[in-house]
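>>> coordinates for the following, if possible.
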Amino acid sequence: MKRSSPLVFAIILAGLVGPVAAIRYNVTDLGTLPGYEIAQAWSINENGQIVGFVMQANFPNHSRAVLFDANGTGNNIDLGTLGGENSSTCSINNNGQIVGSADANTEPPTWYLTIFDPNGTGNNTKLNPKSAT
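Reported below is the predicted structural model:
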């Protein structure tokens, strides 16, 4: 009985699989907001809307929730806070509803679950954890 070499097996397998198509990506710099140097995207919906946050590189490292301009033209929307200095998003659904967290103007600063106004007008809603069930 004659044994086949691994090289023959690899050639036959490659012939069965066929050529592999190259995966292509388009990379877009989404930018930041004025006064912020660091940006991170967290979620994208089926409509191509992207949310995340931007942060200052130097102390005190304030962060802001952002609805990014998916075209990378810099028309990013600052989603605001609940009166404090900081906010961040977690997700955006296909209806454009944005959730995350934001701090209020309290001492010490207190973070709350937040539904953000996607227009950036600051009409954000603090979620009461007991009613969020």
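>>> spatially central, which residue of the chain would that be?
Nearest residue to the geometric centre of the chain (CA atoms, centre = their mean): Trp42, 1.9 Å.
>>> so what's the backbone phi/psi at it?
phi -110, psi -30 (degrees, to the nearest 10).
>>> and if you look at the one 10 residues further on?
Backbone dihedrals for Gly52, given as degrees, to the nearest 10, come out at phi -180, psi -140.
>>> ok, now Thr81?
Backbone torsions for Thr81, taken as degrees, to the nearest 10, come to phi -140, psi -160.
>>> how far away is it from Asp69?
Distance from Thr81 to Asp69, counting by CB to CB, to the nearest Å: 20 Å. From N, CA and C alone the C-beta is placed, and that goes for glycine too.
>>> ok, the two, which is more surrounded?
Thr81 (26 against 16; other CB atoms under 10 Å).
>>> quick check: that one touching Lys126?
No - taking contacts as CB atoms under 8 Å, Thr81 lies outside contact range of Lys126: 10.4 Å.
>>> which neighbours do the two share?
Taking CB atoms under 8 Å, 6 or more residues apart in numbering as the contact rule, Thr81 and Lys126 both touch 102, 104.
>>> what does the longest strand seen in the chain contact?
Looking across the chain with DSSP state E, the single longest strand is strand 83-92. Outside strand 83-92, the residues that touch it by CB under 8 Å, 6+ apart are 42-45, 49-53, 60, 62-67, 79-81, 98-106, 109, 111, 114, 116, 124.
>>> now with 6 Å?
With CB atoms under 6 Å, 6 or more residues apart in numbering as the test, strand 83-92 has contacts from 42-43, 45, 49, 51, 53, 62-65, 81, 98-105, 109.
>>> same check on stretch 32-48?
50-57, 70, 76, 78, 89, 91-92, 94.
>>> at 7 Å what do you get?
With CB atoms under 7 Å, 6 or more residues apart in numbering as the contact definition, stretch 32-48 has outside contacts at 30-31, 50-57, 64, 66, 68, 70, 76, 78, 89-94.
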